[in-house]
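Trainee: model this:
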Amino acid sequence: MSEDSLKVSVLASSSSGNVTYIETPEHHVLVDAGMSGKKIKESLESIGKDINTIDSLFVTHEHSDHIKGVGVLARRYNLNVYANEKTWDAMLPKIGKVPEDQINVFQHNKVMTLDDLDVESFAVSHDAADPQFYKFHHNGKDFVILTDTGYVSDRVEQTIKNADGYLFECNHDVEMLRNGFYTWPLKQRILSEKGHLSNDDGANALMSVLGNRTKQIYLGHLSPENNTKAVAHEAVEHIMEDHDFGVGSDFLIHDTDPKIADPLISL
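Mentor: Model prediction:
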C-alpha cells in the first residue's frame, strides 16, 4: 500500500448507521458518525487504526443514522467537525454541546483544503435540512461518497465524474419495498425525489459517472428490510454488463455491511 495514497474504508453503511474512514499522510478523517462512539472505535481497531488519530469529521446531514456518535466523538477526541449552517442548526439539539472552536461551517458547492487533502461539497435531494455529500482528493486520486438522495442532478454528475472510487447508494429493491410492511406514506417518501436511490437508480446513475479511472465501487446504505447484498449486487452488475462494463476486470464492486468494516484499501 503506497505511503502517499488516498486510503479508504467503509466502516459501516446501511439505513441503521453510516461511517466512512478516509486517510492521507497528513489527515485521518471520518465522514458521518452514525454509530455509537464505542462501535466506531472498535470498527477502526478492526482495520488497524486508532481513533485517537482522527482529526476531522465531515457530516452529510442530521438524520440519526449519520450523527449518532458525532457529539461524543467531538467532545472526547477533540475533533474538528464540518457541516453546513442548516445542518448544524438541525443537528446541535440532537448531539449535545460541541465546543465552539470545533464547529466548522462548510457550505455546499465549495472546496476546502486541509493540507494534503482537498474536500469538495455538493448538495443532494433528500428530506433533511440541507443535505450535502463530499468528494475527497489527494495525490491525483478522488473518492466520492453519495448516498441519501432521491436522484442525481446534472450538476452532481459533473462534480463526481470519473472518480477512482465511489460509495454509492443502492438503498432498496423497488418490488421488495412496495410489497413490504412499511406504511404507504413511508414508501412514498423513500421512492420520492427527496428519498433514496433504488438499486436500479443507483446503477443507472453510476453509468453516467463512471470513467476509465474508476476502480472501486462500494454499494452503500442498503435497507435491511427492503434489500439484500445479493439483490443489490446482482442488479448493479446486470445493468453494468448491459452497458459493456467489465465488472471484476474494469473495476471491483464491494458489498458494504452495517457491522463489519471493509478492509482499508489504497486507491
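Trainee: Strands of the stretch 101-250 of the chain, start to end?
Mentor: 103-105, 111-114, 117-123, 132-138, 141-146, 165-169, 216-220 (DSSP state E, counting those that start in this stretch).
Trainee: Run the chain-centre distance for the fourth one.
Mentor: Here the centre of mass of C-alpha atoms in strand 132-138, compared against the chain's by Cα atoms, centre = their mean, to the nearest Å, lies 10 Å away.
Trainee: same deal with stretch 200-218?
Mentor: Remark: stretch 200-218 is offset 14 Å from the chain centroid, using Cα atoms, centre = their mean.
Trainee: Could you find the closest non-adjacent residue to the residue most central in space within the chain?
Mentor: Nearest residue to the geometric centre of the chain (Cα atoms, centre = their mean): residue 145, 4.0 Å. Excluding the flanking residues, the one nearest residue 145 by Cβ to Cβ, 6 or more residues apart in numbering is residue 167, at 4.6 Å. The C-beta positions use only the backbone N, C-alpha and C, and glycine is treated the same way.
Trainee: That neighbour reaches residue 146, doesn't it?
Mentor: Yes - taking Cβ atoms under 8 Å as the definition, residue 167 is a contact partner of residue 146 at 7.1 Å.
Trainee: quick one on the thing from earlier: and the strands of the stretch 101-250 of the chain as a markdown table, adding distance to residue 65 and mean pLDDT?
Mentor: What follows is those, written out as a markdown table (distance: least, Cβ to Cβ, whole Å; pLDDT from 0 to 100):
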| stretch | distance to residue 65 | mean pLDDT |
| --- | --- | --- |
| strand 103-105 | 22 | 98 |
| strand 111-114 | 24 | 97 |
| strand 117-123 | 19 | 98 |
| strand 132-138 | 14 | 98 |
| strand 141-146 | 14 | 98 |
| strand 165-169 | 13 | 98 |
| strand 216-220 | 12 | 97 |
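Trainee: want to throw the ones you listed into a markdown table with distance to residue 91?
Mentor: Listed next are the strands of the stretch 101-250 of the chain as a markdown table, based on distance: least, Cβ to Cβ, whole Å:
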| stretch | distance to residue 91 |
| --- | --- |
| strand 103-105 | 10 |
| strand 111-114 | 18 |
| strand 117-123 | 15 |
| strand 132-138 | 13 |
| strand 141-146 | 18 |
| strand 165-169 | 21 |
| strand 216-220 | 21 |
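Trainee: Out of those strands, which one sits most buried?
Mentor: strand 165-169 (a mean of 26; mean count of other Cβ atoms under 10 Å).
Trainee: For burial, what's the neighbour tally of the closest residue to residue 176 other than its chain neighbours?
Mentor: Leaving aside its chain neighbours, residue 176 sits nearest to residue 226 (4.6 Å; criterion: Cβ to Cβ, 6+ apart). A count of nearby residues for residue 226, using other Cβ atoms under 10 Å, gives 25.
Trainee: where does residue 247 land on pLDDT?
Mentor: pLDDT, residue 247: 62.
Trainee: whoops, I mixed them up, residue 127
Mentor: 96.
Trainee: I'd like the distance between it and residue 189.
Mentor: Residue 127 sits 7 Å away from residue 189, going by Cβ to Cβ, to the nearest Å.
Trainee: okay, and the common contacts of these two?
Mentor: residue 195 (Cβ atoms under 8 Å, 6 or more residues apart in numbering).
Trainee: ok, back up a step: tell me the contacts of the residue nearest to residue 176?
Mentor: When contacts are counted by Cβ under 8 Å, 6+ apart, residue 226 touches 171-173, 176-177, 180, 182, 190.
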